[in-house]
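Enquirer: structure of the sequence below:
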Amino acid sequence: MTTYYRNEQAAKDQPALMPVRSQDVDEGYRLVDPGGVLTAVVEHVQWVDNHPAGPDTHAVVSFEDGSDIEFPFDVPLTVVWHDERRPVLRTDLAAVAPASWGRPLGS
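Expert: The predicted structure follows:
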C-alpha cells in the first residue's frame, strides 16, 4: 500500500470535490474523468521537461493501475482524495466531469 503524506485534518476542511489545473494534480487523489467516473489513485505526477511544446507545458499523471495520461497545462480538472469519507454523488461527479482530457502516454 502506498503512503501519502498529507494533512488529513486540513483535507476535512476542504470540499470533497476540489477543482485543480492539470499541472497542479497531486499524488493520492483520484480524478473525475470525462464520463463522470473516478480514476484509479494518482501515484505520481511529472512535468515533462523535454516536451516538443517546450518545458512547463505538459504533465504526465501516472495512476496506481499502471496507466499514464499526458495533460497539457491548464486543463481544468476535479480531484477527490483517495480516502474521502464524505459521500460524493454520481450526479455531482457528472456535473464536474471535464470537457477535455489528456491522452494516454505513448499514443
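Enquirer: going by C-alpha atoms from here, please, whenever you check contacts or count neighbours.
Expert: Noted.
Enquirer: got a pLDDT number for Pro55?
Expert: Looking at Pro55, its pLDDT is 86.
Enquirer: how close does it get to Val45?
Expert: 15 Å (C-alpha to C-alpha, to the nearest Å).
Enquirer: so which of these two has more stuff around it?
Expert: The residue with more neighbours, out of Pro55 and Val45, is Val45; 20 against 12, by other C-alpha atoms under 10 Å.
Enquirer: what sits against the closest residue to Thr57 other than its chain neighbours?
Expert: Nearest residue to Thr57, sequence neighbours excluded (C-alpha to C-alpha, 6 or more residues apart in numbering): Phe73, at 5.2 Å. Residues counted as contacts of Phe73 (C-alpha atoms under 8 Å, 6 or more residues apart in numbering) are Arg21, Ser22, Gln23, Asp56, Thr57, His58, Ala59.
Enquirer: just the buried residues from these, in PyMOL please.
Expert: Per 16 or more other C-alpha atoms under 10 Å, the buried members of the contacts of Phe73 correspond to this PyMOL selection:
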select buried, resi 22+23+57+58+59
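Enquirer: from the contacts of Phe73, which has minimum pLDDT?
Expert: Among the contacts of Phe73, pLDDT bottoms out at Asp56, giving 90.
Enquirer: surely it touches Asp49?
Expert: Yes. Asp56 is within contact range of Asp49, at 6.4 Å (criterion: C-alpha atoms under 8 Å).
Enquirer: for Leu93, which three-state class applies?
Expert: Using DSSP: H, G, I helix; E, B strand; the rest coil, the structure places Leu93 in helix.
Enquirer: tell me the pLDDT at it?
Expert: For Leu93, the predicted pLDDT is 97.
Enquirer: what residue lies at the spatial centre of the chain?
Expert: Leu31 (3.9 Å; C-alpha atoms, centre = their mean).
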